[in-house]
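Undergrad: output the structure for:
(one chain, ligands or ions: 1)
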Amino acid sequence: MIARSRGNVEIRRVSELDRWTFRASDLFPQITEHELRAASAILGDRFFDQQSHAIVLAIHTYVVRIGTTTVLVDTGNGNGRDRPNLVAHHMFETDYLERLRAARIQPDDVDLVICTHLHPDHCGWNTTLRSGTWRPTFPRAEYLFHRPEFEAMRDLVIGGADNGVQADLIRMWNDSVQPVLDEGRWGLIDTDCVLAAEGDAVITARTAPGHTTGHLIIDIDEAGGGSILCGDVIHHPLQLLFPYLSQGGDSDPSQAAETRAALLRRCIHEGKTMLTAHFPAGVEVSFDSQENTYTCLGDNHSEARASRAQNQLLIG
Ligand SMILES: [Zn+2]
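TA: Next up, the predicted model:
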C-alpha cells in the first residue's frame, strides 16, 4: 500500500508478514500484569490476541521513491533462514518478493538498500538463495551500512559466539551480509547521511541508538512535515502508553528508552508521521502538536479516543 505520496516523494509499505505473535513476557520482560491488562483494554483486538493473550506484531519494509531514486528501507526476515535459537525468525516461507512485484517494484528497480539495523528481521531479503548460494536480491542496488552497526556486528563475527543468540546473529551475517560484501555494491555511511534529495524533499539516515549500537531511523523531510521510518525504536503501540518499556532485544535498554522518548517528542513537535516496522498492518500513529498528544489510528475509533485520553498523561 502507499503509506504516503506527496510532491517528490512516494512511500510504499510492503509487508513481509501481517501477523507475528509473541508472548508478552518474551517481548517485554519487564511488563507487569497491570500494564498488560491496561494496554490490552485500551488497544484492543488488533494488537492483542484475546484467546492466547499474545502480543501481535507484523513485519514491514518501505520503498521510498524520491525523484528518480528508489530506496528500500529494511528488507524483512527472508526465507529459509536457519535460526535455531531465534525461533521466531526460523525458516520463514513468505511471498515477500511477489508482494514487492505487486507493488510494482522489481528487484532491478532498487537503487539503494539500507537497513535500520542488523537484526534478522531487518536485513534478511538482502539476499536470496540461488542454486545453493546466497546472492544479493537487488543486483543494481548499493547496500549501505551504518559504520558503528557494521563494525559491531563484524567484531561479533570475528570474536565468535558465546551463546545461542549470538550464533544466530553470526548465521545472519553469513547469509544476509557477507554475500553482499562478496558480490554486491556496498558502502559504509556515517551519522546524518543524506541518502537522496529532490526539490524540497530529503531522505536522511540518522542515528537512534539503544536497540542496537548503530541503529538508524530514516527521516523523510518534506515541505509541511514528513515521515520517520523508525525501525525498532518502538515495537508495539503499548510502548506509546508505556514508553519506558524495553524490548527484550534492546542492547542498551535505558538508551533505547531515551531514544524512543526523543522520537515521540520529535513526531509531536515537528509534525512527523511515524511509520513503524512492526505495528500491525493498517495502523498509523498521528501526532497533534496543539494538544501534545498522539493517536493510534486503527479501524476502531473508540480505541483511538481511548488512546488519546490515556496519552495525555504520558507525553509532556
Ligand atoms: Zn525488528
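Undergrad: can you list the weak-confidence ranges in the stretch 1-150 of the chain?
TA: Applying pLDDT under 70 to the stretch 1-150 of the chain flags residues 1-7.
Undergrad: how about the helices in it?
TA: 24-27, 33-43, 96-102, 120-123, 147-159 (DSSP state H, counting those that start in this stretch).
Undergrad: with the stretch 151-300 of the chain instead?
TA: According to DSSP H, counting those that start in this stretch, the helices that the stretch 151-300 of the chain contains are 164-172, 178-183, 238-241, 253-270.
Undergrad: possible to save those as a markdown table with distance to the ion, mean pLDDT and mean neighbour count?
TA: Where you see a C-beta, it was placed from the backbone N, CA and C, and this is true even at glycine. A markdown table is the format used below for the helices of the stretch 151-300 of the chain (distance: least, C-beta to the ion, whole Å; pLDDT from 0 to 100; neighbours: other C-beta atoms under 10 Å):
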| stretch | distance to the ion | mean pLDDT | mean neighbour count |
| --- | --- | --- | --- |
| helix 164-172 | 12 | 97 | 18 |
| helix 178-183 | 19 | 98 | 16 |
| helix 238-241 | 13 | 86 | 22 |
| helix 253-270 | 12 | 91 | 18 |
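Undergrad: which stretch among the ones you listed comes nearest Ala58?
TA: Proximity to Ala58, assessed across the helices of the stretch 151-300 of the chain by C-beta to C-beta, is greatest for helix 238-241 (14.6 Å).
Undergrad: can you name every helix or strand that that closest one contacts?
TA: Under the contact criterion of 3 or more C-beta pairs under 8 Å, 6 or more residues apart in numbering; DSSP states H and E, helix 238-241 touches helix 33-43, helix 301-311.
Undergrad: go again with 7 Å.
TA: helix 33-43 (3 or more C-beta pairs under 7 Å, 6 or more residues apart in numbering; DSSP states H and E).
Undergrad: ok, and the closest non-adjacent residue to the residue of the stretch 151-300 of the chain found nearest the ion?
TA: Proximity of the stretch 151-300 of the chain to the ion (C-beta to the ion) peaks at Asp232, 4.3 Å away. Among residues not flanking Asp232 along the chain, His211 sits closest, at 4.4 Å (C-beta to C-beta, 6 or more residues apart in numbering).
Undergrad: I'd assumed His119 was in contact with that neighbour.
TA: No. Judged on C-beta atoms under 7 Å, His211 makes no contact with His119 at a distance of 8.0 Å.
Undergrad: for the residue nearest to Asp232, give me its contacts.
TA: 117, 232-233, 247, 249-251, 256 (C-beta atoms under 7 Å, 6 or more residues apart in numbering).
Undergrad: how about the residues of the stretch 101-250 of the chain by the ion?
TA: 121, 232 (C-beta under 5 Å from the ion).
Undergrad: ok, which stretches of the stretch 1-150 of the chain are strands?
TA: Along the stretch 1-150 of the chain, counting by DSSP state E, counting those that start in this stretch, strands occupy 2-6, 9-22, 48-49, 54-66, 69-73, 112-114, 127-130, 133-136, 142-146.
Undergrad: which residues of the stretch 201-316 of the chain score low on pLDDT?
TA: Flagging of the stretch 201-316 of the chain using pLDDT under 70 yields the residue ranges 282-284, 286-316.
Undergrad: could you dump the strands of the stretch 1-150 of the chain to TSV with distance to Leu156 and mean neighbour count?
TA: Shown next, in TSV, are these (distance: least, C-beta to C-beta, whole Å; neighbours: other C-beta atoms under 10 Å):
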stretch	distance to Leu156	mean neighbour count
strand 2-6	33	14
strand 9-22	24	19
strand 48-49	34	20
strand 54-66	23	22
strand 69-73	23	23
strand 112-114	20	25
strand 127-130	19	17
strand 133-136	19	18
strand 142-146	14	22
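Undergrad: for Ile31, which of these is the nearest?
TA: strand 54-66 (9.1 Å).
Undergrad: near the ion, anything from the closest one?
TA: No. Using C-beta under 5 Å from the ion, strand 54-66 stays clear of the ion, with a minimum separation of 7.3 Å.
Undergrad: can I get that strand as CSV, trimmed to CA atoms?
TA: Only the C-alpha atoms of strand 54-66 are listed here, as CSV (Å, rounded to 0.1, in the frame of the first residue of the first chain):
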residue,chain,number,x,y,z
ALA,A,54,-0.2,-12.9,22.8
ILE,A,55,1.1,-9.6,21.5
VAL,A,56,0.5,-9.0,17.8
LEU,A,57,3.2,-7.6,15.6
ALA,A,58,3.9,-7.5,11.8
ILE,A,59,7.0,-7.1,9.7
HIS,A,60,7.0,-4.2,7.3
THR,A,61,9.6,-2.8,4.8
TYR,A,62,9.3,0.5,3.0
VAL,A,63,10.1,1.6,-0.6
VAL,A,64,10.8,5.3,-0.9
ARG,A,65,10.7,6.8,-4.3
ILE,A,66,12.3,10.3,-4.3
